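S.K.: all I have is the shape, not the residue letters:
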């Protein structure tokens, strides 16, 4: 059902409203979030108050595209012509963005303040009557988060204007501004990139756009400054070389922006928590850190305390001509994208348009790198991939022309079979050939792609394994068990040590895990079920839980190096172990599957060709002498028994527990006992 919903949403089906490319992307990500919500830890049955013991992923509301408010007349001036509202809306539709609203500053203020009194608002002056366009921008088009980027993109798209060429000033290394990173910054925000814009001509509109772009980037790509924070400074008020350091908060003192007195960094954090609604939300990013990041100039003047606030000494103004830009963060790639976006958008106001002065950054290891990196990335896309995906018959020259409308540099291969793409620094959203195909579709026009009846008829249906899963879920629920949905990732200790099992090397490990709780892909469902019991030990007894889900194991026979296996786990917790209860569930499951117990029904065994049995086992997770393995079709398919007391202690469970875990894939067959499993 989820896959079907994604398909329908992505193709704009079931709606008479035209589906723009931007809306397609928005709907797609909404469906992905909906899918994540469906798979979040949740419980059904008689214990709705259960909570999972692991950290819970709080799914945010459905993702919405950034909305950029631009002054209509300023936008039209940059585009070199005027449009009616309907004409501009059609142009936005063609490009894959959307004109969301046409309003004025006065109307926006009235809505925000919820005050209908026009007399008070009329005093705001003629500027309040400027018509504003609120434009929805795709979330990955960071180059269109300001009026400069929107006008530039639409001019190239509609009017054939040549895309801007972004260059670095030929400044010799000794003459470059330099910023040195201290090793202590690795404790808090290890990365920084910088650049200088020389001879910038600010007026009120440009200055406002400059500030607004930083706010939009902070909200979007920078993830509320947690990944990247931007600092901009008047270079004439500071002196290089600069240093990026991390110091205890009581050793940092400066006058922050919009303040008149000096604060120590720890006092400043508390001041913002108590008094500043805007900056309050950023304080927790570094508040509990033992050191705070800080940037100094050669005179030990504080430029900024990232990601919170800049210093008042280097604040930019309308009179600023040279702007020093620094972006600190925990993600170097995103920091470079943010820096490129800012300098490319506002480089047009420099004395030499689109020329950026580089800055040398010396990292904690002593390695020197020059930023920003404005070179174009190269990508080769076969023409057949474009035409095959879109169902078009474009020539190489025609496809190249369409891509040039999207600000991409293109060279046609000598034999015309491929396109060599040069991706400018503003188009960080181009990551793969499919992104190039999408740009061709936008430039060609989605509505211009011919409609065809598919040459192959297919009928969607539920996978047999999922049908079997639904059957067993219903049966377990009717047996009085409550379903749980748990994480597919866990820690090594939970997967092995807590179960008294040896790490046999079959677990798929997560490279550079963000948390110790998510180190490996689970190879068994049992730890998550026991962890859930431990987190809900105060619930009324007996507690009966089950889950039907996948485990992941390493596999050299599979292309991905790993394979999924669908399993059923059930646990029974009471004052007594209840071995017979979990044994009864095993018998009931096999009865529903039509698999007889070995030796009980020779006729059915002969017809099915499969039966199940159990045999004593030595699994260290279970109590000795109170456990067994389950066998079917000549292979071991599961185990059940009373959980070992040491395992119960590891999961903080005070009562005896019996558990069952069975691989259900061998039982995915039709009424004639023919396997329905298919390689996907």
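M.R.: Looks like it came in fine. Just so it is clear, the structure is predicted and the values come from calculations on it, not from any experiment.
S.K.: going by C-alpha atoms from here, please, whenever you check contacts or count neighbours.
M.R.: Noted.
S.K.: and the nearest residue to residue 299 once chain neighbours are set aside, how many neighbours?
M.R.: Of all residues not flanking residue 299 in the chain, residue 239 sits nearest, at 7.0 Å (C-alpha to C-alpha, 6 or more residues apart in numbering). Residue 239 has 14 neighbours, counted by other C-alpha atoms under 10 Å.
S.K.: can you give me the helices in the stretch 501-650 of the chain?
M.R.: 526-535, 579-593, 602-608, 645-650 (DSSP state H, counting those that start in this stretch).
S.K.: what of the stretch 201-350 of the chain?
M.R.: 204-219, 265-275, 332-346.
S.K.: redo those as JSON lines? Include mean neighbour count.
M.R.: Output for these, formatted as JSON lines (neighbours: other C-alpha atoms under 10 Å):
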{"stretch": "helix 204-219", "mean neighbour count": "17"}
{"stretch": "helix 265-275", "mean neighbour count": "16"}
{"stretch": "helix 332-346", "mean neighbour count": "22"}
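S.K.: next one, pLDDT for the residue nearest to residue 299 please.
M.R.: Residue 239 carries a pLDDT value of 93.
S.K.: for residue 306, see how far away it is.
M.R.: 19 Å (C-alpha to C-alpha, to the nearest Å).
S.K.: and if you look at residue 675?
M.R.: Counting by C-alpha to C-alpha, the gap from residue 675 to residue 306 is 60 Å.
S.K.: more crowded one of the two?
M.R.: residue 306 (24 against 14).
S.K.: what about residue 393, how many residues nearby?
M.R.: If we define neighbours as other C-alpha under 10 Å, then residue 393 has 13 of them.
S.K.: quick one: pLDDT of it?
M.R.: 91.
S.K.: and it, what does it touch?
M.R.: With contact taken as C-alpha atoms under 8 Å, 6 or more residues apart in numbering, residue 393 is in contact with residue 387.
S.K.: so it: helix, strand or coil?
M.R.: Under DSSP: H, G, I helix; E, B strand; the rest coil, the three-state class of residue 393 is coil.
S.K.: my guess is residue 286 contacts residue 305. True?
M.R.: No - contact criterion C-alpha atoms under 8 Å: residue 286 and residue 305 do not qualify, at 10.1 Å.
S.K.: among these two, which residue is more densely surrounded?
M.R.: residue 305 (23 against 18).
S.K.: find the nearest non-adjacent residue to that one, please.
M.R.: According to C-alpha to C-alpha, 6+ apart, the nearest residue to residue 305 is residue 294 (4.7 Å).
S.K.: what bridges to the one you found?
M.R.: Beta-bridge pairing for residue 294 (DSSP bridges): residue 245.
S.K.: thought it was touching residue 302?
M.R.: Yes - the pair residue 294 and residue 302 qualifies as a contact (C-alpha under 8 Å) at a distance of 7.1 Å.
S.K.: could you check how far residue 666 is from residue 406?
M.R.: In terms of C-alpha to C-alpha, residue 666 sits 52 Å off from residue 406.
S.K.: likewise residue 530?
M.R.: 54 Å.
S.K.: which of the two has more neighbours?
M.R.: residue 530 (28 against 21).
S.K.: need the contact list for that one.
M.R.: By C-alpha under 8 Å, 6+ apart, the neighbours of residue 530 are 571, 648, 651, 653.
S.K.: so the closest residue in space to the second one that isn't next to it in sequence: helix, strand or coil?
M.R.: Leaving aside its chain neighbours, residue 648 sits nearest to residue 654 (7.1 Å; criterion: C-alpha to C-alpha, 6+ apart). Using three-state DSSP, the structure places residue 654 in coil.
S.K.: quick check: the gap between residue 654 and residue 537.
M.R.: Residue 654 is 7 Å from residue 537, where distance means C-alpha to C-alpha.
S.K.: much appreciated, bye for now.
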